[in-house]
Structures are given as C-alpha cells and as structure tokens.
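**Q** Below: sequence and its predicted model.
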Amino acid sequence: MKTLIKNGTVVTASDIYRGDILIEDEKVSAIGTSLALEADRTIEASDKYVLPGGIDVHTHLDMPFGGSTSADDFESGTIAAAHGGTTSIVDFAIQYKGQTLRQGWEAWMKKAEGKAAIDYGFHLIITDLPEKLEPEMDAMVREGVTSFKLFMAYRGVLMLDDGSIFRALLKAGENGGTICMHAENGDVIDVLVRRALAKGNTAPKYHALTRPPRAEAEATHRAICLAEIARVPIYIVHLSAAEALEKVAEARDRGLPAYAETCPQYLFLSYANYEEPGFDGAKYVMSPPLREKGNEEKLWRGLAGNDLQAVSTDHCPFCMKEQKELGRTDFSKIPNGAPGIETRMHLMHDGGVRTGRISLNRFVELTSTSPAKIFGLFPKKGTIAPGSDADVVVFDPEKKHTLSAKTHHMKVDYNPYEGREVTGAVETVLSRGKVIIENGKFTGKAGSGQFLKRKPRT
Ligand code: URP
Ligand code: ZN
Ligand code: ZN
C-alpha cells in the first residue's frame, strides 16, 4: 500500500519545507520536493502543515485512583488522542505493594490489548521496592519498559521513601532506565491537608492551598540531588511551579542531566479556576495543582529556552458526576486528575505558536521529537524521515474550532477549556501508514495500536 501526501508544509523539530512524502506500508519511504510517483492513495496537503504524530508520554488510562477509575479506557482514550493529533502514548502501569514489577506491567498490557487505537508504551510506577525486586528493574528494561515513575507524595499509597528512591536511581544508572519523579513533599502536604480539614476548609480550592509551590520546589530539588549523588539523569513529571523550574534550571546550568515536562493545564489555567462557583473548582483538582497567574509565563520561557523539554498531558480524567463528586464535602476525597489527551496539540499550536511564545519547530520538538528521544522511541517515532514509522498529522493552521465537552471524544463530562476557540485543527492522522482520522472522523480500529518496546538510554 502506497500513500502520497502532496504539497504540504513539512515541519520537523529542525526543518520547514514544502514537500511530498511517500509512505509504503507502515513507513515513510521517500521525501522530495515533487515526487512524481504512483500511489494507491494521494492526500492533498497544500496550505497544511505535515507534522510527525504527537507523542504524549504522560497518560493514565483505565487507572484506579482515589476510590475511582479514570474515565477513559485504552479504547476511548486513544481514539480521543488520535482526534487531537497524538499517535503514540506512554501510559503508566502500576506495581502495587506486594506485587512484582512484572505483575504491574502485565496488568496494564491486558488493559491495552485489543483496545488501543494508537501505539502505546508503558512507564512502570514502583510503589514498593524491597531489595529483592531490584533485579526486576533490569528485566523490565529488557522488555522495553525503560522508565519508572516514583512518587514523593501520597504516603501509604504510592509514595516511596528516599532510600528506595535512591536505590531505584542507582539501578537505573546500571540498566539505562530513566527515573520519572512526581516531585511534591507528601508529608508536608498531608499535615496541611489535615489542618485545613480540621478547620472546616473543605472546598476544592483547599486542594491547591495545601500543596504550596515550595513543596514542589523542595521535592524537585531533593530529587535532583539524589540523582546527582547517584550520577544518573532525572526527569521531573508535570512540573507546575516557577519555583520548581528554578531548581531544574539551576541543575542544568551546572551541567546536570535534569529534564522536565510541563502540561497545558499549567500554561493555560491558573489558581483562579478553583474559585469558580459551587463545586466547579473540582474540575481542576490535580497534583501538583494549578498555580497563581504569572507562573505560566516562566514555564513558557522554560519551554522556549529548553529548561523544559516536553509537553505531556497527565491525562487522568474523572467525571464530575459520581467521580469528582466523591469529594463534595472533603476536597481530599476528590480524585486527582483532569482530561487533556485530545486538546494538547491544539492548545500548544494556538497558545504557543500563534502567540509567538514558541516556534513551529519547537512545537514539534516539545510535543513529539524530544519526548521520543528522552523515552527511547526516536527515530522510529518523533520525526518524519525515511525509515520512520508513518505517524503523520495533516494540520490546517487556519481552521478555527471550539474546545467543548459537547464535541470532544474523551469520555468525561467536562472540558477544562470549555468554550475556548482555537485556531489550527487536526485534519488527517495516519498511524503507521493507515488513515485513522479523516475529516474529523475516526476511521481506525480499536486494537490496532501496538506495544512500543522502548530502548534504554545508551
Ligand atoms: O493529579 C494527577 N496528576 N493525577 C494523576 C496521577 C499523577 O500524579 O500523575
Ligand atoms: Zn504524578
Ligand atoms: Zn500523572
């Protein structure tokens, strides 16, 4: 099967040119300025961008959390991702206390099998690391699960102590794995939460007020110090606060391999959202929380200047009805997380590229190329080049549309960006050469996504 994408503006992390792309079966086979070749199918892309498919390295599909399970499973979540121009995800499998690491990974492989409509890999959340389990980290890396998320918060549920974190870092130093850190000081937060509740402060906004930016900055600094002692890279997930970014920037200025991602919610929303009427602030209960206005400008500068290397979503949707509602009288019972798998590329183009905060190349780099490089997927994923997987997005940079729960494909009853008009729309999406989105309709197949066996760091 040959597909020719003609006359588009091809954008990669480094280049912008008008060209044609020939796809044979699952791979890009040729790129030229005017390919006079026969194809089974031709996609006309004049006046459109032709982008590498988005890679979202932080999603939580079908994840039990806070007494509920995230509303998108691997079918609805990956279809929504495709609508938003994302063709690969790296989701989080969880090893629960008492389980082996393999048991955690295998449980999530079962959740994805037969359901995922785009390619998927897994990080493994380690919640329990007795010394006897350390060699299993090597086995996971050999299986292509080459990154591990550790939590410095949620004591008794997900949190690991500093000693276990340090041993995991040392192990990753040996096997080429990457440690991803949820950096918030959980014990300090737990004290603040108990005190807020004792005073009767139960509204959603107290979720944010009990998770101060300094608690994120302290944990970020601690994580970087532990990685420095272990002499390994560290990747800070969902960085939200300018104070935490300062810690990453300081480390990078000293030449340390410290990396971090932020998410659209920290760029486009703020603490003010928690003050929305009634219980609506619950829509934004996520950890770390939204920050005061002003933080976002520093994050944008971090993205432009490479102190932040990726934009992922932390897509962890819970419906207001029956899920967020669990915390109506106690903010600490609101399941943490918000939807975003479908809106990332549109928001970053509209609010990043069109406003001049980041270049078009940097947009591609942050949403596809750099995550692919950091997490062992490049150059199979993350670029348009001969031999790469034909994960391609044809994007109309001038088309306007409105983000809304009425039209989105995520299985959640609200959209954090409800009513926001964005310019730029995903038109056609190819996943390994197959058209899976055409004129806004999903034409792919649940179950056609493949497990991504990722490479370790070299
Ligand atoms: O609130 C959030 N971020 N929920 C998902 C779990 C996590 O910490 O990433
Ligand atoms: Zn986290
Ligand atoms: Zn997350």
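**A** Good, I have the coordinates. Ligands and ions are numbered 1, 2, ... in the order given.
**Q** residues near the closest residue in space to Arg357 that isn't next to it in sequence, how many?
**A** If the residues on either side of it in the chain are set aside, Arg357 comes closest to Trp300, at 4.7 Å by Cβ to Cβ, 6 or more residues apart in numbering. All C-beta spots, glycine's among them, are computed from the backbone N, C-alpha and C. Around Trp300 there are 18 other residues, counting by other Cβ atoms under 10 Å.
**Q** Ok, Met140 next?
**A** The local packing of Met140 (other Cβ under 10 Å) involves 25 other residues.
**Q** which element is it on?
**A** In the assignment (DSSP states H and E), Met140 maps to helix 134-142.
**Q** Tell me the residues of the stretch 301-450 of the chain that contact ligand 1?
**A** The interface of the stretch 301-450 of the chain toward ligand 1, taken as Cβ under 6 Å from any ligand atom, is made up of Asp314, Cys316, Asn336, Gly337.
**Q** mind listing what the nearest residue to Pro456 once chain neighbours are set aside touches?
**A** Residue nearest to Pro456 in three dimensions, not counting chain neighbours: Gly176, with 3.0 Å by Cβ to Cβ, 6+ apart. The contact partners of Gly176, by Cβ atoms under 8 Å, 6 or more residues apart in numbering, come to Val141, Thr146, Pro456, Arg457, Thr458.
**Q** Could you tell me the per-residue confidence at Gly176?
**A** In the prediction, the pLDDT value recorded for Gly176 is 98.
**Q** my read is Gln103 is in a helix, agree?
**A** Yes - the assignment for Gln103 (DSSP: H, G, I helix; E, B strand; the rest coil) places it in a helix.
**Q** So which residues on the stretch 151-300 of the chain come close to ligand 1?
**A** For the stretch 151-300 of the chain, the residues in contact with ligand 1 under the definition Cβ under 6 Å from any ligand atom are His182, His238, Met286, Ser287.
**Q** ok, these vs Leu360, which is closest?
**A** Nearest to Leu360 among these is His238, at 24.7 Å by Cβ to Cβ.
**Q** on that earlier part again, pull out the buried members of the residues of the stretch 151-300 of the chain next to ligand 1.
**A** Buried members of those, scored by 16 or more other Cβ atoms under 10 Å, are His182, His238, Met286, Ser287.
**Q** OK, contacts around the closest residue to ligand 1 within the stretch 151-300 of the chain?
**A** Proximity of the stretch 151-300 of the chain to ligand 1 (Cβ to the nearest ligand atom) peaks at Met286, 3.6 Å away. Applying Cβ under 8 Å, 6+ apart, we find Met286 in contact with Gln265, Asp314, Cys316, Asn336, Gly337, Ala338.
**Q** cool, Pro379 as well?
**A** Counting by Cβ under 8 Å, 6+ apart, Pro379 makes contact with Ala372, Ala385, Gly387, Ser388.
**Q** In helices only, show me those.
**A** For the contacts of Pro379, membership in helices holds for Ala372, with DSSP state H as the criterion.
**Q** about what we covered before: sticking with the residue of the stretch 151-300 of the chain closest to ligand 1, tell me its helix or strand.
**A** Met286 is part of no helix or strand when elements are defined by DSSP H and E.
**Q** Contacts only, for the nearest residue to it once chain neighbours are set aside.
**A** Nearest-residue entry for Met286: Ala338, 4.9 Å, with adjacent residues in sequence omitted and distances by Cβ to Cβ, 6+ apart. If you count contacts by Cβ under 8 Å, 6+ apart, Ala338 has them with Gln265, Lys283, Tyr284, Val285, Met286, Asp314, His315, Cys316, Pro317, Phe318, Pro416.
**Q** okay, these in JSON lines with pLDDT and secondary structure next?
**A** Supplementary listing: these in JSON lines, determined by pLDDT from 0 to 100; DSSP: H, G, I helix; E, B strand; the rest coil:
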{"residue": "Gln265", "pLDDT": "99", "secondary structure": "helix"}
{"residue": "Lys283", "pLDDT": "98", "secondary structure": "helix"}
{"residue": "Tyr284", "pLDDT": "99", "secondary structure": "helix"}
{"residue": "Val285", "pLDDT": "98", "secondary structure": "coil"}
{"residue": "Met286", "pLDDT": "98", "secondary structure": "coil"}
{"residue": "Asp314", "pLDDT": "98", "secondary structure": "coil"}
{"residue": "His315", "pLDDT": "98", "secondary structure": "strand"}
{"residue": "Cys316", "pLDDT": "98", "secondary structure": "coil"}
{"residue": "Pro317", "pLDDT": "98", "secondary structure": "coil"}
{"residue": "Phe318", "pLDDT": "98", "secondary structure": "coil"}
{"residue": "Pro416", "pLDDT": "99", "secondary structure": "coil"}
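**Q** Specify which member of those residues is nearest to Arg41.
**A** Distances from the contacts of Ala338 to Arg41 were compared by Cβ to Cβ; the smallest belongs to His315, at 31.0 Å.
**Q** pretty sure that closest one contacts Asp62?
**A** No - under the contact definition of Cβ atoms under 8 Å, His315 does not touch Asp62, with a separation of 11.6 Å.
**Q** Can you check which residues contact both of these two?
**A** Overlap between the neighbourhoods of His315 and Asp62 consists of Asp72, Gly77, taking contacts as Cβ under 8 Å, 6+ apart.
**Q** With neighbour numbers in mind, choose between the two.
**A** Neighbours were tallied for His315 and for Asp62 using other Cβ under 10 Å; the higher tally belongs to His315 (31 against 20).
**Q** what is that one paired to in the beta sheet?
**A** His315 has the following beta-bridge partners by DSSP bridges: Thr59, Ala338.
**Q** again with Phe442
**A** Once the bridges are assigned, which here means DSSP bridges, Phe442 pairs with Ile437.
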